[in-house]
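how would this look folded up:
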Amino acid sequence: MEFACSHVVCNWMPERAPALHPSLPSSLRAGTTCTAISRPLSVCDHDYDNRVAVIPPTGAPLVPPPLPPRKSSSKKQPRPRSMPPPVPPRGQEARGETPLRANVNVLSLTVGRLVDISKASCFQSTQRPVYCEKCHGAMSALSSLQNHLIRTVWCCEFCGRENSLSEAGLKASLRRPLPGRDVLYLSEDADGDYVNLEDMLVVFCVDISGSMSVTSEVTAGSSMRSPTYVSRLQSVQDALQRSLSSLLQTSPQRRVALVTFNDEVTVYGDGTGVPLSLRDWSLMDYDYLKTQGEKYSTPHCIAESIHALTQRVKELREHGATALGPAALVSIAMASRYTGSKVIICTDGRANIGLGELEQSPVQTSTYSPYFYSQLAKEAADSGVIVSVLTFEGTDCRLAEVGRLADHTGGKVNIVNISTVSMEIQSVLADNILATSVKATLLSAEGIYFPYEDESAHKLVREIGNVTDGAEITFQFAVKPDSIESFQKRDRIPFQLQLEFKTRELQKVTRIVTDQRRVTSSSWVWAGSLNMGVLGVHCAQLCARLTMEGRVLEAQRQLRAQQDLLKDISEQRPSPKEESVYGNWISTMSVICEDLTGQGQKNQESKELVASKSSPVKGLSDEAAKVVYQMKRAKSVGGKRPKAQPMGL
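So this is what the prediction gives:
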């Protein structure tokens, strides 16, 4: 776990502006390590100032803050003990609009690193963790045990519940110390026998509809020869042949299957058998398509099927409509038999026939459903299948809908052209799943809540699904208004991450990471204590998520708040590389949000909803959808994180 701020800012609220304190005493700015002290102060005592909350290390003289100069007056007036809060812009206030300010209480989880147990340096145990009976928090190094005559009690640091330990637990606790702050609990039970990690399936799901015959110039003509043109299908055929040759060299035991679609779905498998054709009524039957994919004959490894597959790829010809939905369903059903399998969809047109049709006609609308791709994505993630979607530039595939398949399964979404399709397929093939069925549970003290999440409690559960290398997710947290005063009297706030997942070998693992943060009674935060990397990634992920949910105005307010915050940070602690990357993210999202807002106003006039929380924004272009999906998977610059700040010990 990595935090954006070294302290928990208690009194941040959406309508209040957490500002950056421009300077601190020279003794603190010189790199001196500071420790916080517990201070039983009320909200009105220190609402905006936390400089009295830090003191020099033990041994250094305690110097109180200087008193403000006094003016002679016959009647003494009470002097404020802290700086007043920043005044909001008068223009926005006059219009009745309160700007949403950035929340610096942000937590980042590098899930890709946390689930990679082969590189984990944490303590490993085959014992089962001890959980709180109320909030399901796990006992850790932060826990304290109390002996009460004949029983031992653990008072949960997250909810305050007193848990009475059993005799077996008491004896075990006497023999060994409390669990550490980072513990990997390995289950001895697995869901199956030995699994060969190379024995997985790659399904190429290729569009061969009529629009794939569109050509582009690849070699300019001259006086001696005519220009050379290549169709989209020809570029895909060349990319597939290159990919097959590469897999034969690097992973000869990998299984590869081919599925094509136009106005029918053709399953070639490994190319050695008779193709299976699915057409007409079968393209409308979800269960039938799924069954046909699941029971299709097991493909041979690429070392045995390379010649047959290569010949099938060469014989492909473009014609007909685009049954993308049924083809994706069959492909995912085939791949679901092997954990860690991949489905790579290459298309250039909008699905217009069968399940998942994205073109509504006044005559027939029964096949159109905004939930089809969400349901299919969930089934793929549950089966440990990673789906990537590649579309061609200059087309309209409704990527906002189809891209859900990649977004929920850890795959990639990209727009290619005839010269880059081969390179992009190679990149997708190299992206392997590290863990499946990943579920993250984040716990903190009662009084904490997580803005923009479905739950308002101090416990947040997130189903992540498949995780690939470099995956990173962020959360923001805040203190409930009625808990601010009690939190300001505390010295530290505990946090715990419980990560449950299955490895590629189908071993069940639980990783529990526990940390604590010191508390500040202020919303003034020194810029030097903020992690720009965590804040930038969070801004990109949150705004992209809000945009896809149709909450465009909220995304805009978040962008404005983050723009001001990152600007202040860069002025006091410039980092050209990070500033450029995160600045580009914010600028791109700003343009997308502005376009969607303008479109939303027009649609509202015609009584059409632009967005809903159950489906992406209608009218989002493929290019914009690609950017949004990529920003939802944003990670730190260069994949490297700055040194983590010291834990609040």
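
Near residue 202, how many other residues are there?
By the criterion of other C-beta atoms under 10 Å, residue 202 has 23 neighbours. (C-beta placed from N, C-alpha, C; glycine too.)

Verify the assumption that it is located in a helix.
No. Counting by DSSP: H, G, I helix; E, B strand; the rest coil, residue 202 is not part of a helix but strand.

So it sits against residue 334, correct?
No. With contact defined as C-beta atoms under 8 Å, residue 202 does not reach residue 334; the gap is 10.4 Å.

any residues in contact with both of the two?
Contact criterion C-beta atoms under 8 Å, 6 or more residues apart in numbering; residues bridging residue 202 and residue 334 by contacting each: residue 257.

Output the contacting helices and strands for the longest strand seen in the chain.
Ranked by residue count and defined by DSSP state E, the top strand of the chain is strand 507-520. When contacts are defined as 3 or more C-beta pairs under 8 Å, 6 or more residues apart in numbering; DSSP states H and E, strand 507-520 packs onto strand 7-9, strand 35-36, strand 182-190, strand 492-503.

who does the first one pair up with?
Using DSSP bridges, the neighbouring strands of strand 7-9 in the sheet come out as strand 507-520 (parallel).

Specify the angle between the strand it pairs with and strand 492-503 in degrees.
Strand 507-520 runs at 160 degrees relative to strand 492-503, counting by axes from the mean of the first three to the mean of the last three C-alpha atoms, to 10 degrees.

relative to strand 182-190, how tilted is strand 507-520?
Using the same axes, to 10 degrees: strand 507-520 against strand 182-190 is 160 degrees.

Take strand 507-520, keep the C-alpha atoms, and write them as CSV.
Listed next in CSV are the C-alpha coordinates belonging to strand 507-520 (Å, rounded to 0.1, in the frame of the first residue of the first chain):
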residue,chain,number,x,y,z
GLN,A,507,-3.5,-22.3,-5.3
LYS,A,508,-5.7,-20.2,-3.0
VAL,A,509,-3.7,-17.3,-1.4
THR,A,510,-4.6,-14.5,1.0
ARG,A,511,-2.2,-11.6,1.5
ILE,A,512,-2.9,-9.3,4.4
VAL,A,513,-1.0,-5.9,4.6
THR,A,514,-1.5,-3.7,7.6
ASP,A,515,-0.3,-0.1,8.0
GLN,A,516,-1.1,3.0,10.0
ARG,A,517,-1.0,6.7,9.3
ARG,A,518,-0.6,9.6,11.7
VAL,A,519,-3.4,12.2,11.9
THR,A,520,-3.4,15.8,11.1
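
can you give me the mean pLDDT across it?
Strand 507-520 comes out with an average pLDDT of 89.

helices or strands next to the helix or strand where residue 405 lies in the packing?
Counting by DSSP states H and E, the element that carries residue 405 is helix 404-409. Under the contact definition 3+ C-beta pairs under 8 Å, 6+ apart, helix 404-409 sits against helix 372-382, strand 386-392, strand 459-468, helix 622-632.

need the contact list for the residue lying closest to residue 348 once chain neighbours are set aside.
Leaving aside its chain neighbours, residue 348 sits nearest to residue 392 (4.1 Å; criterion: C-beta to C-beta, 6 or more residues apart in numbering). Going by C-beta under 8 Å, 6+ apart, residue 392 touches 232, 347-348, 415-418, 421.

Show me which of those are buried.
Neighbour-count burial (16 or more other C-beta atoms under 10 Å) applied to these gives 232, 347-348, 415-416, 418, 421.

Quick check: the gap between the nearest residue to residue 188 once chain neighbours are set aside and residue 507.
Leaving out its chain neighbours, the residue that sits closest to residue 188 by C-beta to C-beta, 6+ apart is residue 126, at 6.2 Å. For residue 126, the distance to residue 507 (C-beta to C-beta, to the nearest Å) stands at 11 Å.

In the stretch 51-200 of the chain, where is pLDDT below threshold?
51-101, 149, 166-178, 189-199 (pLDDT under 70).

hmm, back to that, now the helices and strands packed on helix 404-409 as JSON lines including mean pLDDT?
Compiled in JSON lines, these are given as follows (pLDDT from 0 to 100):
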{"stretch": "helix 372-382", "mean pLDDT": "91"}
{"stretch": "strand 386-392", "mean pLDDT": "94"}
{"stretch": "strand 459-468", "mean pLDDT": "88"}
{"stretch": "helix 622-632", "mean pLDDT": "85"}
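
circling back to that earlier point, closest to residue 537 out of the contacts of residue 392?
residue 415 (22.7 Å; C-beta to C-beta).

Could I get the contacting residues of the closest one?
390-393, 399, 622-623, 626.

swap the cut-off to 6 Å and go again
391, 393, 626 (C-beta atoms under 6 Å, 6 or more residues apart in numbering).

Give me the buried subset of these.
Neighbour counting by 16+ other C-beta under 10 Å classes 391, 626 among the contacts of residue 415 as buried.

Can you give me the neighbour number for residue 381?
Residue 381 has 24 nearby residues by other C-beta under 10 Å.

count of residues packed around the nearest residue to it once chain neighbours are set aside?
Nearest residue to residue 381, sequence neighbours excluded (C-beta to C-beta, 6+ apart): residue 465, at 3.5 Å. A count of nearby residues for residue 465, using other C-beta under 10 Å, gives 24.

So residue 451, which state does it fall into?
Following three-state DSSP, residue 451 is assigned to coil.

what about the nearest residue to residue 335 once chain neighbours are set aside, how many residues close to it?
Spatial nearest neighbour of residue 335, excluding adjacent residues (C-beta to C-beta, 6+ apart): residue 341 at 3.7 Å. Residues near residue 341, counting by other C-beta under 10 Å, number 26.

for the residue nearest to residue 381, which residues make a bridge with it?
Assigned bridge partners for residue 465, using DSSP bridges, are residue 438.

going forward, begin numbering at 257 instead of 1
Fine by me, first position is 257 from now on; the one you just mentioned is residue 721.

what's the spacing between it and residue 541?
26 Å.

do the same with residue 712
For residue 712 relative to residue 541 (C-beta to C-beta), the value is 41 Å.

Those two: who's more crowded?
residue 541 (15 against 10).

Could you report the pLDDT at the more buried one?
Predicted confidence (pLDDT) for residue 541: 93.

Please report the number of neighbouring residues for residue 719.
Residue 719, neighbours per other C-beta under 10 Å, totals 12.

For burial, what's the neighbour tally of the closest residue to it other than its chain neighbours?
Residue nearest to residue 719 in three dimensions, not counting chain neighbours: residue 695, with 5.5 Å by C-beta to C-beta, 6+ apart. If you count neighbours by other C-beta under 10 Å, residue 695 ends up with 14.

Residue 695 contacts residue 758, correct?
No. Residue 695 is beyond contact range of residue 758, at 10.3 Å (criterion: C-beta atoms under 6 Å).

State the distance from the closest residue to residue 697 other than its chain neighbours to residue 696.
In space, and not counting its chain neighbours, residue 697 is closest to residue 754: 4.1 Å by C-beta to C-beta, 6+ apart. According to C-beta to C-beta, residue 754 stands 7 Å off from residue 696.

go on, residue 682?
Where residue 696 is concerned, residue 682 sits at a distance of 31 Å (C-beta to C-beta).

out of the two, which sits in the more crowded spot?
residue 696 (21 against 14).

that's a helix at that one, yeah?
No. Assessed with three-state DSSP, residue 696 is strand; it does not lie in a helix.

who's in contact with it?
Applying C-beta under 6 Å, 6+ apart, the residues contacting residue 696 are 718, 720, 755.

Show the pLDDT at it.
92.

Also the one 10 residues further on?
Listed pLDDT for residue 706 reads 90.

ok, how many other residues are close to the closest residue to it other than its chain neighbours?
In space, and not counting its chain neighbours, residue 706 is closest to residue 716: 4.8 Å by C-beta to C-beta, 6+ apart. By other C-beta under 10 Å, 19 other residues sit near residue 716.
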